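Enquirer: Got a sequence here, can you build the structure:
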Amino acid sequence: MTRNGRVAPRPDSPKRQSSGEPLVVLVAEDQRLRDDIALIAAVVGARLETFKDWTQVAHSTVDSAVGVLCSPRSVPQTALRVEQCLLVGHEAESVWLAAAKTPGLRPVPLPAGEKWLTEHLAAEVLHRAQGRIFAVAGPTGGVGVTTFAYLCAAELVARGMTPLLLDAAGGPGSGLADLVRTARSRGRVSGGALDWQELEAVEGELSAPQLRDALPICEGISYLTGLTAGPRRDSTLRAAVGAARRTYDVVVIDSGHQVAPLESLAEQVEDLLVVVRASRRGAEAARELIQAVPQRRTYVAVNGSASPGWCAADVGKALDLPVVADLPQQRWLARSDELAQSYELLRSRRGAELLSGLLSGVGMADA
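Expert: As a prediction, this is how the structure comes out:
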């Protein structure tokens, strides 16, 4: 821990730069197909791992890959993996037939699609070399979105990474803006004082180094927030995220219960954590949010007291999504008026395990 009692970065913490070669996953028995994909992977600078069937493929392996491919004889059976997968093969008719039977699969017949596949994987390799974009949202207010976003950023710091906590909701009542203001009054903030209002006035292209130097930093977390308002223009939000990913290991976006920031950022956001209460209404509201932004990998965190007859597993089943965290109601936390008090969770063994499991569950153990 640091001298003020916060969790210090672990000496052996992994960083983005040391996470190894980009990974391409292929599920297929066809040796010719394996050989051709191995050549494409080598061209784009990726490592290929092959599997005979999906039972051999770990969820974390899929999430860490820059590309997931399968043959017409190895089509995935779950909606989540179908969404993540490219369908490849040398027999065009078989590829298109398998794609027609499994909506959501993207067909890439070879050799006709070889150029496209190579360019697609090369772009993903380049994209992965930049920082990760991870959004946290909730279907309603008060479910703990900001708390989870803050705790994820704090755990990333403990792992030796540099996160930016971006307040996409912003405005009066923002927990992140209040945290920065309170920390500044106590002399615990370094860096600059750039907020959304000042950023709106910036002209020209936003420089990644300038952004990093201008943002306030507290306990290893950089913040982009605002007391008066969040980003008023979509272009400002997109520019900030684009610049941030070039200089931070992970950009954690607090979207609150607003869908608009996620729609604005579109495919810039790679992963979405939906925080929800274990209840019928919570699950239904979460489903509506997820359907509004379906193009990204989505996970669920259950927070607070559950409705009678409901538990975290029920939420996961209702949404057909992995539940990566289940945090029971913390009465002491609910009574606190300061977001920073939630950091106390990381001091307990159970809290530390919960946050570690959450990051592993969303594929950010190595960010």
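Enquirer: and V24, what pLDDT?
Expert: Note on V24: pLDDT of 95.
Enquirer: can you check V269 too?
Expert: pLDDT, V269: 89.
Enquirer: any idea how far V252 is from it?
Expert: 11 Å (Cβ to Cβ, to the nearest Å). Using the backbone N, CA and C atoms, a C-beta is placed for each residue, glycine as well.
Enquirer: V82 too?
Expert: 28 Å.
Enquirer: same check, this time on L206
Expert: Taking Cβ to Cβ, one finds L206 at 19 Å from V252.
Enquirer: Among these two, which residue is more densely surrounded?
Expert: A direct count of neighbours by other Cβ atoms under 10 Å for L206 and V252 places V252 higher, at 25 against 18.
Enquirer: give me every residue that touches the more buried one.
Expert: Shown in contact with V252 (Cβ atoms under 8 Å, 6 or more residues apart in numbering): 134-136, 149, 152-153, 156, 163-166.
Enquirer: Equivalent analysis for T225, please.
Expert: Per Cβ under 8 Å, 6+ apart, neighbours of T225: 165-167, 170, 174, 176-177, 180, 195-196.
Enquirer: Which of these lies at the shortest distance from G144?
Expert: Comparing the contacts of T225 against G144 with Cβ to Cβ places L176 closest, at 13.5 Å.
Enquirer: That closest one: neighbouring residues, count only.
Expert: Going by other Cβ under 10 Å, the residues that sit close to L176 add up to 23.
Enquirer: how about it, secondary structure?
Expert: helix (DSSP: H, G, I helix; E, B strand; the rest coil).
Enquirer: what's the spacing between it and A244?
Expert: Where A244 is concerned, L176 sits at a distance of 15 Å (Cβ to Cβ).
Enquirer: What are the structural domain limits within this protein?
Expert: 16-127, 131-361 (automatic domain parsing).
Enquirer: Buried deepest among these, which one?
Expert: domain 131-361 (a mean of 19; mean count of other Cβ atoms under 10 Å).
Enquirer: What's the end-to-end length of it?
Expert: Distance across domain 131-361, first residue to last, is 18 Å (Cα to Cα, to the nearest Å).
Enquirer: related to what we said a few turns ago, just the contacts of T225 now: which is nearest V95?
Expert: L166 (40.0 Å).
Enquirer: List the residues that contact that closest one.
Expert: Neighbour list for L166: 224-225, 240-241, 244, 251-254 [criterion: Cβ under 8 Å, 6+ apart].
Enquirer: repeat for G282
Expert: G282 touches 139-140, 143, 276, 307, 315, counting by Cβ under 8 Å, 6+ apart.
Enquirer: May I see those organised as JSON lines, with pLDDT, secondary structure and distance to R233 added?
Expert: As requested, these are exported to JSON lines (pLDDT from 0 to 100; DSSP: H, G, I helix; E, B strand; the rest coil; distance: Cβ to Cβ, whole Å):
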{"residue": "P139", "pLDDT": "90", "secondary structure": "coil", "distance to R233": "25"}
{"residue": "T140", "pLDDT": "83", "secondary structure": "coil", "distance to R233": "26"}
{"residue": "V143", "pLDDT": "81", "secondary structure": "coil", "distance to R233": "27"}
{"residue": "V276", "pLDDT": "94", "secondary structure": "strand", "distance to R233": "29"}
{"residue": "S307", "pLDDT": "87", "secondary structure": "coil", "distance to R233": "39"}
{"residue": "V315", "pLDDT": "94", "secondary structure": "helix", "distance to R233": "35"}
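Enquirer: Output stretch 114-122 as PDB, nothing but the C-alphas.
Expert: Listed next in PDB are the C-alpha coordinates belonging to stretch 114-122 (Å, rounded to 0.1, in the frame of the first residue of the first chain):
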ATOM      1  CA  GLU A 114      -8.200 -13.600 -48.300                       C
ATOM      2  CA  LYS A 115      -7.300  -9.900 -49.000                       C
ATOM      3  CA  TRP A 116     -10.200  -8.600 -46.900                       C
ATOM      4  CA  LEU A 117      -9.400 -11.000 -44.000                       C
ATOM      5  CA  THR A 118      -5.700 -10.000 -44.000                       C
ATOM      6  CA  GLU A 119      -6.600  -6.300 -43.900                       C
ATOM      7  CA  HIS A 120      -9.200  -6.900 -41.200                       C
ATOM      8  CA  LEU A 121      -6.900  -8.800 -38.900                       C
ATOM      9  CA  ALA A 122      -4.100  -6.200 -39.600                       C
END
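Enquirer: Need the contact partners of that stretch.
Expert: With contact meaning Cβ under 8 Å, 6+ apart, stretch 114-122 is reached by 24, 36, 40-41, 43-46, 66-67, 86, 88, 108, 110.
Enquirer: what about it, distance to the chain center?
Expert: Centre-to-centre, stretch 114-122 and its host chain are 24 Å apart (Cα atoms, centre = their mean, to the nearest Å).
Enquirer: Could you do stretch 86-100 as well?
Expert: Put simply, stretch 86-100 sits 30 Å off its chain's centre (Cα atoms, centre = their mean).
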